[in-house]
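K.L.:
structural data only, the sequence is not supplied:
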Ligand code: SAH
């Protein structure tokens, strides 16, 4: 048997593993609790397992979480960790404390294969998908670092990468986030954000009940084809159909539509009216994100006046609209500023045909 990292297994995987070594399913319950509720990193500390079983586990399993390399704390309390993933790559994970909650912004890939023109992760190219242990490991090391005084109450899959292009691993990690034996977060508190990988939205709707956020950024195909090039493959009409399907069976749920505010590009009154028209009949919340600049970015953030005017137009059509407060700017921890260190393997440069749907 090859060595198994216990952090790679969700409950189903853990039960299958124990079945494969002739143990009962309740062993999975015990081990998950040790790992995620007691934060135990050593099999010998799992004292309700027999000595024989512990010896067997030590022979075949490891508990290996990724390692935090640096920690930066912003003036507003936002923390950014650079985390080592294998030899050559580093990703970034951000913790955003608020009065009543603590949100962890988790990465799903090393770099990103998509080429959204306003995002600094995109400029780095793509290296590989993160494993389950590297995704859930971000919560594991973050909660360890935060100790008992601050709790992670929400997770947003809004760090580096396109989570729906790492479908299986991301779903398993989100299962652990929501599993009562692991982190026990409610499905309203786990959000996956996608640029619009339509077949994967349908698959997600079928098998994993989390909150969905869609990076919209434009209300017409012509502009979205440029800002979010995956739109060339899955244009707005098919994207909106997938969104409708996602909320069909959960009547009170709303999809969050993210919309980055780019001066002179997508922030006019006409753009706001087009957005209202596009979102007609979809249970929606809109999150306007002031554009965060990064070196060599060719866009400017819309002025506060334009952003407020845009919001007011959406409000006048009864669309729930919030403006995302920028957090952690002074440590480059804001949306679209996460870079880490990516050894680009893709040489993709806008070659969208390289992007496989799952
Ligand atoms: N790939 C996923 C998740 C990662 S990005 C997605 O596209 O949804 C999380 C959010 O930050 C997305 O809405 C993304 O469009 C936005 N974002 C990216 N770059 C940004 C920037 N420079 N300023 C503000 N928001 C940005």
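P.N.:
The structure has been received and is ready for your questions. On a predicted model such as this, the values are computed, not experimentally measured, just so you know.
K.L.:
tally of neighbours for whichever residue of the stretch 1-150 of the chain sits closest to the ligand?
P.N.:
The stretch 1-150 of the chain approaches the ligand most closely through residue 119 (3.4 Å), counting by Cβ to the nearest ligand atom. The C-beta positions use only the backbone N, C-alpha and C, and glycine is treated the same way. By the criterion of other Cβ atoms under 10 Å, residue 119 has 24 neighbours.
K.L.:
also the one 3 residues further on?
P.N.:
Burial measure for residue 122: 23 neighbouring residues, criterion other Cβ under 10 Å.
K.L.:
likewise for residue 298?
P.N.:
9.
K.L.:
what's the closest non-adjacent residue to it?
P.N.:
Ranked by Cβ to Cβ, 6 or more residues apart in numbering and with sequence neighbours excluded, the top spatial neighbour of residue 298 is residue 117, at 7.5 Å.
K.L.:
ok, now residue 344?
P.N.:
Nearest to residue 344 is residue 125, by Cβ to Cβ, 6+ apart, at 3.0 Å.
K.L.:
wait, the one you found sits on residue 346?
P.N.:
Yes - Residue 125 lies in contact with residue 346 (Cβ atoms under 8 Å); the separation is 4.9 Å.
K.L.:
okay, and the common contacts of those two?
P.N.:
111, 113 (Cβ atoms under 8 Å, 6 or more residues apart in numbering).
K.L.:
and the one helix or strand residue 173 maps to, which residues are buried?
P.N.:
Using DSSP states H and E, residue 173 sits in helix 167-178. Under the neighbour-count criterion of 16 or more other Cβ atoms under 10 Å, helix 167-178 has 167, 169-178 buried.
K.L.:
what do you get for stretch 157-170?
P.N.:
157-167, 169-170.
K.L.:
again with stretch 205-214
P.N.:
205, 208, 210-214.
K.L.:
what residues does the stretch 101-250 of the chain have near the ligand?
P.N.:
Residues of the stretch 101-250 of the chain lying close to the ligand (Cβ under 6 Å from any ligand atom) are 116, 118-119, 158, 162, 193-195, 215.
K.L.:
I'd like these as CSV, with distance to residue 11 and pLDDT appended.
P.N.:
Shown next, in CSV, are these (distance: Cβ to Cβ, whole Å; pLDDT from 0 to 100):
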residue, distance to residue 11, pLDDT
116, 34, 96
118, 38, 95
119, 34, 93
158, 25, 95
162, 26, 97
193, 24, 98
194, 24, 98
195, 29, 98
215, 30, 98
